[in-house]
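Q: predicted model follows, preceded by the sequence.
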Amino acid sequence: MMSATVVTNAAPAEGVEDQEQKVVGSTKPLHRFLRGHPKYVGVVMVTLGISIFLMGFPVWLADGLSESFISFVLGVLFITCGIIFILSELNITKQLVTAGFALSIVSILGVGIGVCIYIDCLSFAVDDDYYYMEHNITGQDYTIYRNSKNQYGAVQALSMFQSVLGGAILIVMAVFARAALQSSNTKAVVVMQTRPPAD
């Protein structure tokens, strides 16, 4: 945080009161980050992170660790970002804002990669009926298979939606963090005093 010092370089004449005084104060850039309400955003990010992390388990059981890995990674990133945002509002420091900004950028990149993986998983859930058609599997077995694929696709679609929502929130918070870290220069403090002319 910055502080400003008021400097007075002219005193009023003896026995004469000040007629005008104008003070232009300084700004504290780190407090720009608080405009984004990081505590509330942090709670939302922790909730999204836990939800995405937990949704990785059914995918893991269905397809293995490789398909669910992105859910676990994004979940941990979102939870960590949320905790940093909450701590930033409770005790804002340049280190916390910088950490939040850097982790937000990493998480946004992770969301981009995750969306590509989720789209690939959704296309698999929709377009692989040819396997069962080629092997002449019909009836109850096909119904069970199709229902499980629908559930799998719903979990992946919900995870992708939550990831995109979290990514959008992180973009906004990264803008606030960048604004807070943009300048650390103290603005000048100007004191103007009007005195009558000397006789």
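A: Structure's in. What do you need?
Q: and the longest helix for this structure?
A: helix 140-181 (DSSP state H).
Q: tell me which strands and helices it is in contact with?
A: When contacts are defined as 3 or more C-beta pairs under 8 Å, 6 or more residues apart in numbering; DSSP states H and E, helix 140-181 sits against helix 38-63, helix 65-90, helix 94-127, helix 129-134. C-beta: built from backbone N, CA, C; applies to glycine.
Q: please identify the deepest-packed of those helices.
A: Scoring the helices and strands packed on helix 140-181 by mean neighbour count under mean count of other C-beta atoms under 10 Å gives helix 65-90 as the most buried, with a mean of 20.
Q: tell me the angle it makes with helix 38-63.
A: Orientation check (axes from the mean of the first three to the mean of the last three C-alpha atoms, to 10 degrees): helix 65-90 against helix 38-63 gives 170 degrees.
Q: what packs against helix 65-90?
A: Partner elements for helix 65-90 (3+ C-beta pairs under 8 Å, 6+ apart): helix 38-63, helix 94-127, helix 140-181.
Q: CSV for those helices, including distance to Leu30 and mean pLDDT?
A: Output for these, formatted as CSV (distance: least, C-beta to C-beta, whole Å; pLDDT from 0 to 100):
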stretch, distance to Leu30, mean pLDDT
helix 38-63, 11, 88
helix 94-127, 6, 85
helix 140-181, 5, 83
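Q: nearest to Phe85 among those helices would be which one?
A: helix 38-63 (3.4 Å; C-beta to C-beta).
Q: that closest one to helix 94-127, inter-axis angle?
A: Using the same axes, to 10 degrees, helix 38-63 lies at 30 degrees relative to helix 94-127.
Q: now the angle from helix 38-63 to helix 140-181?
A: Using the same axes, to 10 degrees: helix 38-63 against helix 140-181 is 150 degrees.
Q: start at 3 instead
A: Sure thing, new numbering starts at 3, so read that last one as helix 40-65.
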